[in-house]
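Undergrad: Quick one, what's the 3D model for this:
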Amino acid sequence: MRALPLILSLLPAAATAQGFEYGPRNTDFPPVFPEQTRAPLTTSDVVLDMKVLADGLNHPWGIATLPDDAGWLVTERAGQLRHLSPDGTLSEAISGVPEVLPQGQGGLLDVTLAPDFAESGTVLITYAKPVPGGSATAAARGVLSDDMTTLSDVTDIFVQDPPSPTAKHYGSRILQLADGTWAITSGEHSSDEERPYAQDLDKTYGKVIRVNLDGSVPQDNPFVDQDGAVDTIWSYGHRNIQGAAVDADGTLWTIEHGPKGGDELNAPEAGLNYGWPVISYGKRYSGGEIGSGDAVQDGMEQPTYFWDPVIAPGGMAFHSGAAFSDWNGDALIASLNPGGVVRLSLEDGVVVEEERMLMDLGRVRDVEILPDGSFIVLTDRDDGQVIHVTPGT
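TA: Residues are numbered from 1 along each chain as shown. Model (predicted):
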């Protein structure tokens, strides 16, 4: 693998996919409120420079920025965790990473740092854990050595239950919440037999999970005192949450894949049911109805925003920093299909505009905002790239 000194300046039309139009919808469900879908499209008057920091990664999935300008940690779905230095040098695989199931959509997935990483070296990862009966979404913490070659003291803080025979829909973002607890997102493994588990409180499929750093249960979780319910559950009724971020006000936002149509942006609240697979703004890939065939039911939450057709969301982040400062507070979302980066501007919790950019990159798996406001994107392919995007001239 090598670092590439490639810098591309893109004019605004190319960089922001000027002329993009929403395609035909797959369903005819009306939105509950006008701003719930198809926000006005906009094009930022910016030039984007792209520098390829490294290529040759095997389906990079997650990235975390190291302190003190030490570069980044990057996961590859096949099971490798690597250190990428600021000059583009990509390390050999860091040892000590737990065994993963590198099948289907499984493998080594997200990575992030504990707030005290500079002192403790604590790293958190999520992965498809091979277990008797199949695999499970798991989250673990470990300690990275000072030379960034070894991960030690690796301990699982969450393992999805029951095991799944289906290597799909692992969810798998992990991030710290404003109160210091940790959110982990899980999927429902996709199959007709398993997707109803997203509604079951005795299973951790299709959930936002909330734990402490050591895996213990915060006692204000919504189902702590409910018989038969898993006490780590925060919210439920999700399909496959592969994007999650906390905004400047401390609110958790998630993005989950819909089926054919119906990708959702939500701000999950404690104990609430987000409807999957009973309701959806999408339909089956074969064309049939999902669940009840409805998009709205009493007792089930509506998404803040939905897409039809989909963006197939990956990771997301809220922008801050001097570079691209007009975007501060906006969500930047990785898109696998049709690809590139989706920018959403929100006001008072409502999406007011949408922009598509960098669509020529194809499948983008994750977005990482750097302290100066520039950002990193990961391209999801056999020869995946780590790309730094900065303002051009």
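Undergrad: Tell me, how many residues neighbour H388?
TA: H388 has 18 neighbouring residues, counting by other C-beta atoms under 10 Å. In this view, the C-beta of every residue, glycine as well, is placed from N, C-alpha and C.
Undergrad: Where does it sit: helix, strand or coil?
TA: Here H388 is strand, with the state taken from DSSP: H, G, I helix; E, B strand; the rest coil.
Undergrad: which residue sits closest to it in space, ignoring its chain neighbours?
TA: Spatially, and ignoring its direct neighbours in sequence, H388 is nearest to K51 (4.6 Å; C-beta to C-beta, 6 or more residues apart in numbering).
Undergrad: Can you name the residues that contact the closest residue to K168 other than its chain neighbours?
TA: Computed as C-beta to C-beta, 6+ apart, the closest residue to K168 that is not its neighbour in sequence is S190, at 4.1 Å. The neighbours of S190, taking C-beta atoms under 8 Å, 6 or more residues apart in numbering as the test, are T166, K168, H169, N240.
Undergrad: ok, back up a step: is the residue nearest to H388 in contact with I387, as I believe?
TA: Yes. Between K51 and I387 there is a contact under C-beta atoms under 8 Å: 6.9 Å.
Undergrad: Tell me where the protein has helices.
TA: Taking DSSP state H as the criterion, the chain carries its helices at 12-15, 117-120.
Undergrad: mind checking how far the last one is from the chain centre?
TA: On the basis of C-alpha atoms, centre = their mean, to the nearest Å, the separation between the geometric centre of helix 117-120 and that of its chain is 24 Å.
Undergrad: Mind listing what's buried along that helix?
TA: Neighbour counts over helix 117-120 (16 or more other C-beta atoms under 10 Å) mark F117 as buried.
Undergrad: and the residue minimising distance to the centre of the chain, how far is that from L175?
TA: The residue lying closest to the centre of the chain (C-alpha atoms, centre = their mean) is G243, at 2.2 Å. Here G243 is placed at a distance of 10 Å from L175 (C-beta to C-beta, to the nearest Å).
Undergrad: same thing with S152?
TA: 23 Å.
Undergrad: Find the least confident helix or strand in the protein, judged by mean pLDDT.
TA: Ranked by mean pLDDT, DSSP states H and E, the weakest helix or strand in the chain is helix 12-15, scoring a mean of 34.
Undergrad: Can you list the buried residues in stretch 173-183?
TA: Buried positions in stretch 173-183, judged by neighbour count with 16+ other C-beta under 10 Å: R173, I174, L175, Q176, L177, T181, W182, A183.
Undergrad: Over to stretch 307-322?
TA: By neighbour count on 16+ other C-beta under 10 Å, the buried set for stretch 307-322 is 307-320.
Undergrad: Now pLDDT too, for those, in a markdown table please.
TA: Formatted as a markdown table, these follow (pLDDT from 0 to 100):
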| residue | pLDDT |
| --- | --- |
| W307 | 98 |
| D308 | 98 |
| P309 | 98 |
| V310 | 98 |
| I311 | 98 |
| A312 | 98 |
| P313 | 98 |
| G314 | 98 |
| G315 | 98 |
| M316 | 98 |
| A317 | 98 |
| F318 | 98 |
| H319 | 98 |
| S320 | 98 |
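Undergrad: tell me which of those residues is nearest to R25?
TA: Closest approach between these and R25, by C-beta to C-beta: D308, at 4.7 Å.
Undergrad: Touching, that closest one and P24? I think so.
TA: No. Assessed by C-beta under 8 Å, D308 is found out of contact with P24, at 9.1 Å.
Undergrad: how distant is stretch 348-365 from the center of its chain?
TA: Taking C-alpha atoms, centre = their mean, one finds stretch 348-365 lying 14 Å from the centre of the chain it belongs to.
Undergrad: Can you give me the end-to-end span of it?
TA: Start-to-end span of stretch 348-365 (C-alpha to C-alpha, to the nearest Å) is 28 Å.
Undergrad: mean confidence for that stretch?
TA: Summarised as a single mean, pLDDT over stretch 348-365 is 97.
Undergrad: again, but for stretch 135-149
TA: Stretch 135-149 carries an average pLDDT of 98.
Undergrad: One more: stretch 231-238?
TA: For stretch 231-238, mean pLDDT rounds to 98.
Undergrad: Not counting that stretch itself, show me its contacts.
TA: Contacting residues not belonging to stretch 231-238 are listed as 158, 171, 183, 185-188, 198-199, 201, 204, 206-211, 217, 221-224, 254, 256, 266, 268-276, 278, 300-301 [C-beta under 8 Å, 6+ apart].
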